[in-house]
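>>> I would like the atomic coordinates for the input below:
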Amino acid sequence: MTFGICLFFVLMQFLWLYIEDMVGKGVDMAVLAEMLLYAALSLVPMALPLSILLASLMTFGNLGERFELLAMKAAGVSLIRIMRPLIVVISFVSIGAFYFQNIVMPISQVKFYTLLFSIRQASPELDIPEGAFYSDIDGYNFYVRKKNMDTKILYDLMIYDHSEGFENASIILADSGILKASSDKQFLVLSLFSGESFENLKKQQGAISQQAVPYRRETFRTKEIFISFDANFSRIDGSFLQSQYIGKNVEELQWSIDSIGRNVDSVRVQYAGVVKGTVYMTYAVGDKDSIASSWTRDRNLPPDSLFAKMPYHEQRDVLLHARSSVEMIKNDNQFRAASLRDEQMRLRLHQIEWHRKFAQSAACVVFFFIGAALGAIIRKGGIGMPAVISVILFIFYYIVGNVGLKMAKEGVWTAWQGMWLSSSVLAVLGAFLTYKATRDSAMLNISSYVLVLKDWLGRRGARNIEKKMLVAESLNYPGYADDVAAFDAECRSYMEEKNRFPDYVSFWKNEERRSGNREKELISRMEHLVEDGSISDRSLLLAKLMDYPQMLPTKQGIVVKPFIAALLGIVFPLGLAVYFFAYNQRRLFIQDVKITLRVNEELMKIVTDIVKKDE
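Numbers count the residues shown, from 1 in each chain. Now for the predicted structure:
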């Protein structure tokens, strides 16, 4: 099921890529269906890893969601042992995928590209738009102001006929017309009504040259024009594609790589010898012997001095000859470099295709480990969450693979580095996730991240205090009132001292910002008050204790030495981020302290009323 879904997914991507080449060509549905079949076969290596990822995610997600993995682990069966039979199955699937790419893929790709090139060369279907020029018919430009879709009649036609060249173009205007194909689809028959045509007679002048060019104007009631237009679909010969890298198996690719590699090496050595033996400077004027003797006499003079002794016209000739020689050598070297680059590109394409057959097969095993480990960690079955994760991972795999392919094609990386890049990156991810899954890691447990986010945003959980049915001793309400008053005084003292947050420089100088001891003392005293008051049998007091916030100590950084703190403060972007984080933590804690002060007042009132009633 997942393979069918993934194959449909990648096939839709193919349709969006080549939709412009297929639409409007008048090709039969049988030909389009045949091309889609070959395209589907060519896309199997891309759809298979994605389907394995989705299937393994769904399978192990369902096992985890129904606690079947937990039951097997409780029975002493490890996750690797649970995965072992599927590892064997996926290994056979990977081997089968390799043989599919090695045997079926070359044939399907040759047939697919043969049909694609044939459709691209097919003549377009006639669909002349309204109010725009239509130039898909060679040698003609059509303009139609309006057309009737029921009767197929075209109104207000303007036709530019430049089939015999733009200098011999003719113009036809017509009130209306009908355009249809001949029975053998070799010609277009254009029936025009109530119009006129303009044509110059320059082509009939022959060798007579005249300044004025005669033209002919014709008025007609009906006129028929035959336009050569082959609307039949014809397949091109695809034998030339069989010699390309897409039409070869591993053995043929290896033979081609060795052959092209030896050719590239020999050409490189040959071109290096040509460049080495090239004469970059020649004497264009004068006797070589006399120049040599002059050089011998003036051995201590530099060559520029010899050039300066020449007359002006000889200097000009020497410079022109040197310039032409250098340009000729430059053009020759550029031509050799271009031909060598073409051979190197051909070699790289064969190497890329050779590694692709192995890399895409190995990706099946890599995606299985990723999917099985993720399914065991997230413990979500069905097709919703696994489909989302599969698409995200596959897009990442596709992007990284395209980066490696581009680098390998341009010769920046070797072929094996570019083609194995995506599989290597995901193999590391698969190993890490498998390691975490075997140790029951909760790294992808959404609830834990939600709690952390709530902590950062200041969303505290509510307290839950239930009335105890049996207690060893009753609560000493007068002493408890004194404890609440002392805690309230401590909170007010903290507010007076910490209500204002220090500025940026003072923040990095102050060591107290990293300790958090004052906050921990307040939290500890509040928890003791709640614990002591929870033994009370008064429901109103217990309800009020649940209004205390669940305060956490401020996370304002780590304890570091003063010079390290100064260094962090100087590194402005990082220091500013830490500063605002600490400010937010202090703001949340002060907000909790304000709530605590309000609860202290109300709790004091409740305890005082209880003491008065007991008296």
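>>> can you give me phi and psi for Trp413?
phi -110, psi 160 (degrees, to the nearest 10).
>>> nope, Ile225 is what I meant
phi -120, psi 130.
>>> Do you know the pLDDT at it?
In the predicted model, Ile225 carries a pLDDT score of 82.
>>> With Cys364 instead?
91.
>>> so how far is whatever helix or strand it lives in off the chain centroid?
Assigned by DSSP states H and E, Cys364 falls within helix 312-378. Per CA atoms, centre = their mean, to the nearest Å, the displacement of helix 312-378 from the mean C-alpha position of its chain is 23 Å.
>>> just how off-centre is the very next helix or strand once past that helix within its chain?
Note on helix 312-378: by DSSP H and E, the next helix or strand toward the C-terminus is helix 384-409. Relative to its parent chain, helix 384-409 has a centroid offset of 7 Å by CA atoms, centre = their mean.
>>> next one: stretch 425-435
On CA atoms, centre = their mean, the centre of stretch 425-435 falls 20 Å from that of its chain.
>>> go on, stretch 154-174?
On the basis of CA atoms, centre = their mean, stretch 154-174 sits 48 Å off its chain's mean C-alpha point.
>>> repeat for stretch 584-600
Using CA atoms, centre = their mean, the offset of stretch 584-600 from its chain centre is 46 Å.
>>> Which positions in that stretch come out as buried?
For stretch 584-600, the neighbour count (16 or more other CB atoms under 10 Å) marks Asn584, Gln585, Arg586, Leu588, Phe589, Ile590, Asp592, Val593, Thr596, Val599, Asn600 as buried. Using the backbone N, CA and C atoms, a C-beta is placed for each residue, glycine as well.
>>> Among these, which ones are in helices?
Among the buried residues of stretch 584-600, DSSP state H puts Asn584, Gln585, Arg586, Leu588, Phe589, Ile590, Asp592, Val593, Thr596, Val599, Asn600 in helices.
>>> Turn these into TSV, columns for distance to Glu531.
Shown next, in TSV, are those (distance: CB to CB, whole Å):
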residue	distance to Glu531
Asn584	29
Gln585	25
Arg586	26
Leu588	23
Phe589	21
Ile590	24
Asp592	18
Val593	19
Thr596	16
Val599	15
Asn600	16
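>>> Domain map for this structure?
Listed domain ranges for the chain are 2-122+358-438, 133-228, 246-353, 457-614 (source: automatic domain parsing).
>>> starting at the chain centroid, how far to stretch 476-493?
61 Å.
>>> Please apply the same query to stretch 52-70.
On CA atoms, centre = their mean, the centre of stretch 52-70 falls 28 Å from that of its chain.
>>> Packing partners of the helix holding Cys364?
For helix 312-378, the elements it packs on are helix 44-65, helix 79-99, helix 250-277, helix 384-409, helix 415-419, helix 421-438, judged by 3 or more CB pairs under 8 Å, 6 or more residues apart in numbering; DSSP states H and E.
>>> so which of these comes closest to Phe580?
Among these, helix 384-409 comes nearest to Phe580, with 30.4 Å by CB to CB.
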